[in-house]
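A.B. asks: One predicted model, sequence on top.
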Amino acid sequence: IDRSADLLKRAGPGLARFRFEPRFGARFLGLVIVALLLTSVAAGCAPGVSDDESGGLDGRVLRWHAWQDPESEALLGIVERYRELNPDVQVQVRDFADEEAMLDAFATASASGLGPDLFLAASTHLRTLANSGQIADIHNEVSPDVLARYVPSALATLESNGALYGLPESQNTMVLFYNRNLVDAPPADLDEMLDQLEEGALVLMGTNFIDAFWGVQAFGGRLFDENGQIILDQGGFANWLAYLRDARDLPGMIMDSNRQVLLQRFAEGGVEYYVGKASELVQLQAALGEAAVGIEPLPQGPLGPAGPFMETRAFFFSRVSSSNQRDLALDLAAFVTNAEQNASLLREASHVPANQDVRINPRLNPLVNAIARQARTASPLPTDQTMQTVLDLA
């Protein structure tokens, strides 16, 4: 009865337009009450739709991440804004000390039909997660207008064999970090880098295939031809290897297959340059101080700019979620990656937006702007079997 009275109260302005005749009034009013009650019941049964005045979503969604402050704090602020707009949605957040621990926990929980509805992780994990059947293909569940907001190369990092396995939050690629306390002018090209090496500068660089690929494009090379065939046996790759051989002979060039070792060495101070991932910025600023960390695009070569691989930090969606939980997870991910929230992560966490509607002010955000400039010449890291063949051979 209280519910019917409330519905009639809301419908009052509309009902006021009708004139009730005494002989028909009671019957008409009864029909109106029945109709409104049926409408209310139907709305309450619709998945992901609440029966409140706003017509918003309701339910519970569980999200995992392994971000650290200030990234975690910035993300929590966005979640709070989402809760304010969707008071009937319970967003539960669990954070982990590192991404590997989170993914291990996800694999265990997923096998039991449990775990988060969505989680944030690097796009490099896509192939493993998709092959194990732990994440959902969402290409039929996301509207074209939402997909249109993302940088195409960022979205491509989450596509595989016609499927779409996530929504990108930010762009991530290899860049040139430098210590502002030791460097006045970072090298713009590879010849300048050799000159600084000869003058005693230290350069740290990983040697695994994904980390070291960035110089192939600078010498005019590509990974695949138009038919998707591997063409690493051509000039660009050979010339880049020749350059690395010459650089390795200089005492300041320090190479290692374990980039984490190099990251730690640069974080300790006393090293001019480090070729690392943009996502390591927050960690390096915490170690060296914000004022000490600089970023520039990787040095260009004789035939063009450096071309590292593009990766993303992205939302992935569990296959074991119910349809309503999937709706909520997709809505939350779309909210976090809209222009306003992506801009917030840019300002507060130095993330390079995957949303192409966000504009970066180079004066206010010089480091993010440098990463974005590098991202424009980066190529999406392939996720298909052909790329796995390359990695197996490398």
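C.D. replies: The structure has been received and is ready for your questions.

A.B. asks: tell me which element Val93 is part of?
C.D. replies: strand 89-95 (DSSP states H and E).

A.B. asks: List the strands paired with that strand, with their directions.
C.D. replies: Strand 89-95 has its sheet partners listed here by DSSP bridges as strand 59-65 (parallel).

A.B. asks: and the partner strand, which residues are buried?
C.D. replies: Within strand 59-65, the residues that qualify as buried are Gly59, Val61, Leu62, Arg63, Trp64, His65, counting by 16 or more other C-beta atoms under 10 Å. All C-beta spots, glycine's among them, are computed from the backbone N, C-alpha and C.

A.B. asks: any idea how far Glu141 is from the second one?
C.D. replies: Look at Val61 and Glu141: by C-beta to C-beta, to the nearest Å, they are 15 Å apart.

A.B. asks: Same check on the fourth one?
C.D. replies: Arg63 sits 17 Å away from Glu141 when distances are taken as C-beta to C-beta.

A.B. asks: pLDDT (mean, whole number) over stretch 247-262?
C.D. replies: Mean per-residue pLDDT for stretch 247-262: 95.

A.B. asks: And stretch 96-105, by the same measure?
C.D. replies: 95.

A.B. asks: Can I get stretch 139-154 in CSV? Just the C-alpha atoms.
C.D. replies: This file holds the C-alpha atoms of stretch 139-154, laid out as CSV (Å, rounded to 0.1, in the frame of the first residue of the first chain):
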residue,chain,number,x,y,z
HIS,A,139,33.0,-7.6,-27.7
ASN,A,140,29.2,-8.1,-27.9
GLU,A,141,28.6,-6.5,-24.5
VAL,A,142,30.2,-3.0,-25.1
SER,A,143,28.4,-0.3,-27.1
PRO,A,144,30.2,1.2,-30.1
ASP,A,145,30.1,4.7,-28.5
VAL,A,146,32.1,3.4,-25.5
LEU,A,147,34.6,1.7,-27.8
ALA,A,148,35.0,4.8,-29.8
ARG,A,149,36.4,6.7,-26.9
TYR,A,150,39.7,4.7,-26.7
VAL,A,151,42.9,5.2,-28.6
PRO,A,152,42.8,2.5,-31.3
SER,A,153,46.3,1.2,-30.6
ALA,A,154,45.4,0.9,-26.9
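
A.B. asks: what comes into contact with it?
C.D. replies: 155, 162-164, 167-168, 171, 310, 312, 326, 330, 334, 337-339, 354-357, 375, 378-380 (C-beta atoms under 8 Å, 6 or more residues apart in numbering).

A.B. asks: out of these, which are buried?
C.D. replies: Counted by 16+ other C-beta under 10 Å, the contacts of stretch 139-154 give 155, 163-164, 167-168, 171, 310, 312, 326, 330, 334, 337-338, 354-355, 375, 378-380 as buried.

A.B. asks: Filter these down to the ones in strands?
C.D. replies: Ala163, Leu164, Leu167, Pro168, Gln171, Met310, Thr312, Ser379, Pro380 (DSSP state E).

A.B. asks: Name all residues that make contact with the first one.
C.D. replies: It refers to Ala163. Neighbour list for Ala163: Ala130, Asp137, His139 [criterion: C-beta under 8 Å, 6+ apart].

A.B. asks: Tell me how far the last one lies from Leu330.
C.D. replies: When C-beta to C-beta is applied, the distance between His139 and Leu330 equals 12 Å.

A.B. asks: got it, and the first one?
C.D. replies: Remark: distance between Ala130 and Leu330 (C-beta to C-beta) = 17 Å.
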